[in-house]
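Undergrad: got a predicted structure plus its sequence, pasted below:
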Amino acid sequence: MAWTSAEPIVSLKDVRKSFGDVEVLKGISFDVKKGEVICIIGPSGSGKTTVLRCINALVPINEGSILVQGLEVRDPKLDKLELRKKVGMVFQQYNLFPHRTALENIMMAPIHVLKQDKAKVRDRAAKLLAKVRLAGKEDAYPGELSGGQQQRVAIARSLAMNPDVMLFDEVTAALDPETVKEVLVTIRELAEEGMTCLLVTHEMGFAREIGDHIYFTDRGVIIEHGAPKEFFANARDPRTKEFLSQIL
Amino acid sequence: MTAKPLAVLPVMARPPARSAAGDWGLWDAPKRIFTPRVLYGLLLAFGLCVLAGEAYAQFGGQPRLGVLATMQKWLPLILFGPPGEIGGFTLNILVSFLTMAIGTVTGVVLGVMQVSQGLIVRRIAWAVTQFFRNSPWLVLLFFAILLLPYRIQLPGGFVVPFPDWIKAVVGLALPIMGNISEVTRGAINSIPTGQWESSESLAFSRAQTFRLIILPQCLKRMLPPWMNWYAILTMATTLISIVGVSDSMTLTQQALAAEGGRGELLIPMYLLLLLLFFIYCYPIARWTQVLERRFAIIT
């Protein structure tokens, strides 16, 4: 079953996930087209992060279906590594490898996973580092970088794998207000270059500006969704209204 | 005017060694380890015993060789063993090196197996670890001595001899293996789960994650407890004297017997043996403490 770019690049159908007795996702469905930027918002514990983790198979789902470029994530015979080469993920806590320099952090996966030529990877890693405005920090260890700088290295590290989809899991939530902007600028540039992005975020202003489509989730279901202008101006559901009134 | 703070709350205690004493250079280690206090203590204890012995030797009736002279006579033997073979304190150190090498390699493998995804592998590794951690070292030593063959016949006519001291190495390596396994498991579990998640999401296989990301970060955390076990092991190598290997303990006993069981020699001679181990192990213990403090706050 070959995937064509006319079909959704990521497609969720009635995804259900439980941790023990707690059902975190109660039937989530949505499609993401290639080049689209999707923002998922909602209160804490609504299952936003779990959705992202299900998409790159960090967390197995109980029911439903997730297709990523035609790969069924729920298939027990799925080659998870093949899936993860297509999907990049950036975490709230950066999770850089503290024993490697910024440049080595970016180089490791292409060298060891994609078996690419080391010299070429080094060139590309340096370019990616410059792209996230960190030229000159090649030899810095993560502990020597600020939160915003670490997060940009983490983005560059994911990009080095040439993913088709990028997942951003509350990437600015652990940052100082001053450094949030530098990370958002990087993500915006990516979106403008046509990268398919799924963001879980609390930055409403950013979601409105960058998102092609907003999904509001609460207690494991999608309450409401729509284009950002429409969504933020005319929220219909009372829960959405309440959430927006608290946060805006 | 500067406002006086109501209270100064300690947010995070600084590691004392780093701020107070600074980092150690290689060459000032000896004078920091053997500080005057330690040296005086050692000299005093040693001197008192020797003096008592000397006094006894002088006034005890017939003239004999003094205590110090007796020690001087036997020290080379106790340090290096009989001429032409490895023995004495040198053998203790050799045994400690080999035991630690075997115990570390097998222990790390066992420790990694303890966090394996396979339930059976995990259970077996756990059971083996617990068994060897919680058995008396001397009993394990006897098992190794009695159960291992004295030589192994390899296909092709090669014969690998298994002298007693090699068997002793195997016997002592077993509890070290169990303890290093626990050290390894603890270090692996102390790595934040985010490290696993980010390497998984970069499509690293589990083996690659271990080799490239988890274990390198474990090394630093494992070093202090590893050195601690090495110091304990070195002192425990005197156990091998029981199985008839001519280590420093055996040779001290033989020296005492050769002197005709003179009572006033007992304490000074054993103190001499103790000193050898102390001089070797105390710096390791101190260095371990320094490393522990230095690694206390990891960012």
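TA: Ah, there it is. Numbers count the residues shown, from 1 in each chain, chains lettered A, B, ... in the order given.

Undergrad: chain A contacts on chain B?
TA: B:192, B:194-195, B:197-205, B:208, B:212-213, B:216-217, B:298-299 (CB under 8 Å from any CB of the partner chain). Just so you know, the C-beta spots here come from the backbone N, C-alpha and C atoms, and that holds for glycine as well.

Undergrad: ok, now which ones touch the spatially most central residue of chain A?
TA: Centrality entry for chain A: nearest residue to the mean C-alpha point is A:L167, 1.4 Å, by CA atoms, centre = their mean. Applying CB atoms under 8 Å, 6 or more residues apart in numbering or on different chains, one finds that A:L167 lies in contact with A:52, A:55-56, A:87-90, A:197-198.

Undergrad: give me the neighbour count for B:V159.
TA: 9 (other CB atoms under 10 Å in any protein chain shown).

Undergrad: go ahead and confirm it touches B:R151.
TA: Yes: the criterion here is CB atoms under 8 Å, and B:V159 meets it with B:R151 at 5.4 Å.

Undergrad: low-scoring stretches of chain B, by residue?
TA: Scanning chain B for pLDDT under 70 picks out B:1-31, B:56-64, B:296-299.

Undergrad: hang on, the earlier thing: and of the contacts of A:L167, the nearest to chain B?
TA: A:M89 (4.1 Å; CB to the nearest CB).

Undergrad: which ones are touching the closest one?
TA: The neighbours of A:M89, taking CB under 8 Å, 6+ apart as the test, are A:52, A:56, A:58, A:158, A:166-169, B:198, B:201.

Undergrad: just A:P76 next, same as before
TA: A:P76 touches nothing, counting by CB under 8 Å, 6+ apart.

Undergrad: quick one: it from chain B, how far?
TA: 15 Å (CB to the nearest CB, to the nearest Å).

Undergrad: all helices of the stretch 51-200 of chain B, in order?
TA: With DSSP state H, counting those that start in this stretch as the criterion, the stretch 51-200 of chain B has helices at B:67-80, B:88-114, B:119-133, B:137-147, B:164-190, B:193-201.

Undergrad: quick check: buried residues in the third one?
TA: To tie it back to what came earlier, the one meant is helix B:119-133. B:125-126, B:128-129, B:132-133 (16 or more other CB atoms under 10 Å in any protein chain shown).

Undergrad: likewise the first one?
TA: Residues of helix B:67-80 classed as buried under the neighbour-count rule (16+ other CB under 10 Å) are B:67, B:70-71, B:74-75, B:77-78, B:80.

Undergrad: roughly how far out does stretch A:223-239 sit from the chain middle?
TA: Distance of stretch A:223-239 from the chain centroid (CA atoms, centre = their mean, to the nearest Å) equals 22 Å.

Undergrad: with adjacent residues omitted, what lies nearest to A:A173?
TA: The spatially closest residue to A:A173, leaving aside those adjacent along the chain, is A:Q92, at 5.1 Å (CB to CB, 6 or more residues apart in numbering or on different chains).

Undergrad: my guess is the one you found contacts A:D169. True?
TA: Yes: counting by CB under 8 Å, A:Q92 does reach A:D169; the two are 5.7 Å apart.

Undergrad: more neighbours, these two?
TA: The residue with more neighbours, out of A:Q92 and A:D169, is A:D169; 23 against 17, by other CB under 10 Å.

Undergrad: list the beta-bridge partners for that one.
TA: In this entry, A:D169 is beta-bridged to A:V200, by DSSP bridges.

Undergrad: ok, it - contacts?
TA: Taking CB under 8 Å, 6+ apart, we find A:D169 in contact with A:49, A:52-53, A:89-92, A:200.

Undergrad: ok, 10 Å please
TA: Neighbour list for A:D169: A:40, A:48-53, A:89-93, A:198-201, B:197, B:201 [criterion: CB atoms under 10 Å, 6 or more residues apart in numbering or on different chains].

Undergrad: please check those and keep the buried ones.
TA: Applying 16+ other CB under 10 Å to the contacts of A:D169 flags A:40, A:48-53, A:89-93, A:198-201, B:197, B:201 as buried.

Undergrad: let's see which of those residues end up in helices.
TA: Judged by DSSP state H, the subset of the buried ones among the contacts of A:D169 located in helices is A:48-53, B:197, B:201.

Undergrad: quick check, nearest of those residues to B:I240?
TA: B:E197 (46.9 Å; CB to CB).

Undergrad: what strand or helix carries A:G64?
TA: Following DSSP states H and E, one finds A:G64 within strand A:63-68.

Undergrad: on contacts alone, who are the packing partners of that strand?
TA: Secondary-structure packing of strand A:63-68 (3 or more CB pairs under 10 Å, 6 or more residues apart in numbering or on different chains; DSSP states H and E): strand A:10-19, strand A:22-32, helix A:48-55, helix A:80-86.

Undergrad: before we move on, back to that, which of the contacts of A:L167 scores worst on pLDDT?
TA: Within the set of the contacts of A:L167, pLDDT is lowest for A:N56 (89).

Undergrad: I'd say that residue and A:F91 touch.
TA: No: between A:N56 and A:F91 there is no contact under CB atoms under 10 Å: 11.4 Å.

Undergrad: common neighbours of these two, please.
TA: A:167, B:197, B:201.

Undergrad: which non-adjacent residue is nearest the last one?
TA: Beyond its immediate neighbours in the sequence, the residue positioned closest to B:S201 (CB to CB, 6+ apart) is A:M89, lying 4.1 Å away.

Undergrad: so how far is A:I155 from the one you found?
TA: 10 Å (CB to CB, to the nearest Å).

Undergrad: what is the helix or strand harbouring B:A255 packed up against?
TA: Following DSSP H and E, one finds B:A255 within helix B:248-258. Judged by 3+ CB pairs under 10 Å, 6+ apart, helix B:248-258 is in contact with helix B:67-80, helix B:88-114, helix B:263-294.

Undergrad: using PDB, list the CA coordinates for it.
TA: Output of helix B:248-258 as PDB, limited to C-alpha atoms (Å, rounded to 0.1, in the frame of the first residue of the first chain):
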ATOM      1  CA  SER B 248      51.000 -11.900  52.500                       C
ATOM      2  CA  MET B 249      48.800 -13.300  55.200                       C
ATOM      3  CA  THR B 250      50.100 -16.900  54.900                       C
ATOM      4  CA  LEU B 251      53.700 -15.600  54.800                       C
ATOM      5  CA  THR B 252      53.200 -13.500  57.900                       C
ATOM      6  CA  GLN B 253      51.900 -16.600  59.700                       C
ATOM      7  CA  GLN B 254      54.800 -18.600  58.400                       C
ATOM      8  CA  ALA B 255      57.300 -15.900  59.500                       C
ATOM      9  CA  LEU B 256      55.800 -16.000  63.000                       C
ATOM     10  CA  ALA B 257      56.100 -19.700  63.100                       C
ATOM     11  CA  ALA B 258      59.700 -19.600  62.000                       C
END
